[in-house]
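S.K.: My questions concern the predicted model and sequence given below.
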Amino acid sequence: MQDAYYGTLLREYHNIPFAKGCCTEIGTETVTFRLTNRDRTPDELSTFKILGPGMIILKNYLSLKDQVDIVKLCDKMTFGLRGYYMYKSDVDCRRQMCFGRNWAPETRYKNRYMSNGMEPLPIPDELISLAEAAIQDAQIHLDELPSMRPDTCLANFYQSEGRLGLHQDDDESPDSLERGLPVVSISIGDMAEFVYGHTPDKKELKSVMLKSGDVLIFGGKSRLIYHGVTQIYLYTSPEPLIEDSGLRPGRLSLTLRQF
Ligand code: SIN
Ligand code: MN
């Protein structure tokens with residue numbers, strides 16, 4: 001069941017209700033952000049933890065500026081009719097939209113158009129480079145993690161009740177799945193508990209906290225792990241992120257894949 005959501009990620013950014021049927025032009029101003037560890041103080045440096053074969057978390061991978069720029073970029077790109085849609089079921093509660101290629105829970109990759117009738121906008125180049133850079137950094141520590149060039153990006157925004165039921169990402173092409181082309185998940189805003197395991201057995205699941213600026217990658221032998229988001233810890237966003245971006249309470253996640 002879907003409700004259109006024509007708002008913005010930002011607080012009090014635009015309080016004029018958006019008229020259905022009208023479409024705001026997306027501005028031409030470019031948002032650029034720098035990648036990885038340049039210009040960081042030592043306590044801001046990124047660390048990593050290997051979570052399994054082909055699975056790694058790059059902690060604090062994105063600088064604050066990167067995070068702010070991504071929030072602003074996403075907010076600009078999701079404006080208007082191309083905005084988020086609510087997905088609510090027994091196991092899911094999140095707003096979603098796509099870049100690049102459309103994917104929806106009911107129709108998978110079959111519909112070219114999103115529920116609002118629009119084609120997804122292209123994935124911003126900055127996000128493609130970011131995913132590629134994160135994979136290259138992960139490959140230094142992980143054997144057998146293939147490279148990939150994302151052609152689909154799912155943006156999820158989770159608020160107070162936000163969650164995502166246990167599932168596998170298995171809708172991509174047989175070639176992509178067989179080669180174990182990695183999924184790259186970027187977290188911004190409030191912290192979330194992410195659970196994962198090689199079987200759906202709840203007793204066997206492990207969990208990891210995803211914090212703002214973390215990048216989680218799973219490919220190779222972990223490409224088809226079961227995973228889900230069980231809880232969002234509201235009001236845990238870094239204060240400077242809120243101050244500089246105005247992101248409302250919740251977690252923005254961007255999941256990039258190659259179909
Ligand atoms: C997903 O599994 O598609 C998204 C996971 C996340 O929100 O981190
Ligand atoms: Mn998934």
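M.R.: Thanks, I have it. Ligands and ions are numbered 1, 2, ... in the order given.
S.K.: What helix or strand is T236 located in?
M.R.: Assigned by DSSP states H and E, T236 falls within no helix or strand.
S.K.: right, and it touches E193 too?
M.R.: No: here T236 does not reach E193: they are 11.3 Å apart, not a contact under CB atoms under 8 Å. For glycine as for every other residue, the C-beta is placed from the backbone atoms N, C-alpha and C.
S.K.: Could you point out the longest helix of this protein?
M.R.: Counting by DSSP state H, the longest helix found in the chain is helix 125-141.
S.K.: what's downstream of that one, the next helix or strand?
M.R.: Using DSSP H and E, the helix or strand that directly follows helix 125-141 along the chain is strand 152-158.
S.K.: How about L62: what's its closest non-neighbour residue?
M.R.: Using CB to CB, 6 or more residues apart in numbering and skipping residues adjacent in sequence, the residue nearest L62 is G213, 4.2 Å away.
S.K.: Which pLDDT value goes with the one you found?
M.R.: The score at G213 is 95. That number is its pLDDT.
S.K.: what separates it from ligand 1, distance-wise?
M.R.: Counting by CB to the nearest ligand atom, to the nearest Å, the separation of G213 from ligand 1 is 13 Å.
S.K.: Do I have it right that that residue meets Y61?
M.R.: Yes: at 6.1 Å, G213 counts as touching Y61 under the criterion of CB under 8 Å.
S.K.: Same question for Q231, what's its three-state structure.
M.R.: The local conformation at Q231, judged by DSSP: H, G, I helix; E, B strand; the rest coil, is strand.
S.K.: Could I get the pLDDT score of it?
M.R.: The model reports Q231 with a pLDDT of 96.
S.K.: gap between it and G162?
M.R.: Separation of Q231 from G162 (CB to CB, to the nearest Å): 8 Å.
S.K.: Overlap in contacts, the two.
M.R.: Shared contacts of Q231 and G162 (CB atoms under 8 Å, 6 or more residues apart in numbering): A192.
S.K.: Between these two, which has more neighbouring residues?
M.R.: Comparing Q231 with G162 by other CB atoms under 10 Å, the one with more neighbours is G162, at 22 against 17.
S.K.: Would you enumerate the residues in contact with the more buried one?
M.R.: Contacts for G162 (CB under 8 Å, 6+ apart) come out as C93, R94, A192, V229, I232, G250, R251.
S.K.: who does the residue in the stretch 1-150 of the chain positioned nearest to ligand 1 bridge with?
M.R.: At 7.6 Å from ligand 1, R94 is the closest residue in the stretch 1-150 of the chain, using CB to the nearest ligand atom. Going by DSSP bridges, R94 is paired in beta bridges with Y87.
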